[in-house]
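J.: Show me the folded form of this:
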Amino acid sequence: MKVRDSSLDFVCGILIIYMILYHAYLWFPTTRDGFSETLDKLFFFFMPWFYFKSGMFHVKKGTIETALLNVKKLLYPFLIYTFIGEIFYWMTIIIRVNSNFNLIEQLIATIKCLIVQGSTIGNQPLWFLLSLYLTKVTVTYFENHRTPMVTIIIISLFLAWISSNVGAYINGHFFIPYLIMSTSIGICFYGFGKLMRTIQYQKKIFIFSIIIYFYGIIFFPSQLDVRLGMLIHGNWFIFMISSLAGIIVINNVAKHKIIQFLPIIAIGKNSLSYYCFHWPLFTIITTIISFFVTDKYNLFVILCVLSGLLLPICTYWINIIKKKLSNYIIYL
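T.: Numbering: from 1, shown residues only. Now for the predicted structure:
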């Protein structure tokens, strides 16, 4: 049996925690401060890392086999947690708006959102699962047609750069689905993960990456919205290069056992549950506490505290449900 790499679970745990906090700031953007800006500068590569990590475990298989295998791993969670998220979101509409709820209108809005954004309002972060699925299948398809990985990376880079400059909307009209943008970026980092699975840990690669990573942070800080493929600030190419460097740096640093904190490793091991359920939990928490608290900063603090307390409990029970009902349910 293969031994699980605790260093990758540790990095995954750190980045999942950062992502949840990042999303909490999105819910209450007026609470952003120096702390959040510092985290953004340090972990700007967090989304590319998840593609890269998946690429590290890429195994060549048939295209159909890859597509079917990842239905359970990625599409089932996407569908189930999208349904859960939408139910909670619709409940908040009924509670907050206090008006007639039109199910047909909401279903149409949900379908439109899925087509354009790759996920729904009720659980927006799930776009990554669909994007990763498309990434895996696309890479496998071209690999089986004898396309070198370097060529796949170059083509995906070009498509990502073009779509980033064009944008999802042209003259106010929807033109490019978000998934095309995120998947083209995903293919690039997925390919890097496959190619650099072992060489990323070479000393000279590590040192060179440290230089690039900190040089980018200090002199050319750049950030990209991977979901949209759109540049937030800085330079697009510098973001791609410094993200790769940041991934290599954090993967190497995490190899040191002395810094591997067990609770964070546990979060990394259960990252899918944290990832899929935190947004619906945000919906529940904010809906309830908004009746008692109106100050945005206080709402943000309460959201973070309650999420920190409830997410591990929810994850524990999700694991229990998986084991107890594994013969009756598809996936949670």
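
J.: For the chain, just list every one of the helices.
T.: For the chain, the helices defined by DSSP state H occupy 6-27, 34-42, 46-56, 63-70, 76-97, 103-117, 127-144, 149-166, 178-195, 203-219, 236-253, 262-269, 271-289, 296-324.

J.: and among those helices, the most buried is which?
T.: Highest mean neighbour count among the helices of the chain (mean count of other C-beta atoms under 10 Å): helix 178-195, with a mean of 25. Glycine gets a C-beta too; all of them are placed from N, C-alpha and C.

J.: Return the list of helices and strands in contact with it.
T.: helix 46-56, helix 127-144, helix 149-166, helix 236-253 (3 or more C-beta pairs under 8 Å, 6 or more residues apart in numbering; DSSP states H and E).

J.: surely Trp90 meets Ile121?
T.: No: Trp90 is beyond contact range of Ile121, at 9.9 Å (criterion: C-beta atoms under 8 Å).

J.: and of the helices and strands packed on helix 178-195, who's closest to Ser7?
T.: Closest to Ser7 of the helices and strands packed on helix 178-195 is helix 236-253 (C-beta to C-beta; 7.0 Å).

J.: can you give me the mean pLDDT across the closest one?
T.: Helix 236-253 shows a mean pLDDT of 97.

J.: Contact partners for the closest residue to Val11 other than its chain neighbours?
T.: Residue nearest to Val11 in three dimensions, not counting chain neighbours: Ala254, with 4.8 Å by C-beta to C-beta, 6 or more residues apart in numbering. Taking C-beta atoms under 8 Å, 6 or more residues apart in numbering, we find Ala254 in contact with 7-8, 10-11, 260.

J.: sorry, back to before: and the helices of the chain as CSV, adding distance to Gly229?
T.: Compiled in CSV, the helices of the chain are given as follows (distance: least, C-beta to C-beta, whole Å):
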stretch, distance to Gly229
helix 6-27, 18
helix 34-42, 18
helix 46-56, 11
helix 63-70, 22
helix 76-97, 20
helix 103-117, 12
helix 127-144, 11
helix 149-166, 5
helix 178-195, 3
helix 203-219, 19
helix 236-253, 9
helix 262-269, 26
helix 271-289, 20
helix 296-324, 28
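
J.: of all the ones you listed, which lies closest to Leu228?
T.: helix 178-195 (5.9 Å).

J.: Between helix 127-144 and the closest one, find me the angle.
T.: Counting by axes from the mean of the first three to the mean of the last three C-alpha atoms, to 10 degrees, helix 178-195 lies at 60 degrees to helix 127-144.

J.: Can you give me the separation between the residue nearest to Val11 and Lys53?
T.: Distance of Ala254 to Lys53, computed by C-beta to C-beta, to the nearest Å: 11 Å.

J.: what sits in contact with each of these two?
T.: 8, 11.

J.: thinking again about what came up before, next, format the helices and strands packed on helix 178-195 as JSON lines and append distance to Ile288.
T.: Shown next, in JSON lines, are these (distance: least, C-beta to C-beta, whole Å):
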{"stretch": "helix 46-56", "distance to Ile288": "29"}
{"stretch": "helix 127-144", "distance to Ile288": "26"}
{"stretch": "helix 149-166", "distance to Ile288": "39"}
{"stretch": "helix 236-253", "distance to Ile288": "36"}
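
J.: Quickly, which of those bottoms out on average pLDDT?
T.: helix 149-166 (a mean of 91).

J.: quick one, that one and helix 178-195 angle?
T.: 150 degrees.

J.: which other residues reach helix 149-166?
T.: Against helix 149-166 from outside (C-beta under 8 Å, 6+ apart): 139, 142-143, 175-176, 180-181, 184-185, 187-188, 191-192, 194-195, 224, 229-231, 236-237, 240.

J.: State the distance from the residue nearest to Leu179 when sequence neighbours are not counted to His278.
T.: Nearest residue to Leu179, sequence neighbours excluded (C-beta to C-beta, 6+ apart): Gly118, at 4.2 Å. Using C-beta to C-beta, Gly118 is found at 18 Å from His278.

J.: What of Ile187?
T.: 26 Å.

J.: One more: Leu195?
T.: Taken as C-beta to C-beta, the span from Leu195 to His278 is 32 Å.

J.: do the same with Lys53
T.: For Lys53, the distance to His278 - C-beta to C-beta - is 19 Å.

J.: in this protein, which ranges drop under the pLDDT threshold?
T.: 1-2, 97-99, 167-175, 325-332 (pLDDT under 70).

J.: how deep is Phe292 tucked in, by neighbour count?
T.: 9 (other C-beta atoms under 10 Å).

J.: before we move on, what about Gln124?
T.: Gln124 - counted by other C-beta under 10 Å - has 18 other residues nearby.

J.: With Pro29 instead?
T.: Neighbour tally, Pro29, other C-beta under 10 Å: 10.

J.: any idea how far it is from Cys188?
T.: 29 Å.

J.: Ok, Leu231 next?
T.: 15 Å.

J.: And for Ile104?
T.: 40 Å.

J.: can you check Trp90 too?
T.: Following C-beta to C-beta, the distance that separates Trp90 from Cys188 is 36 Å.
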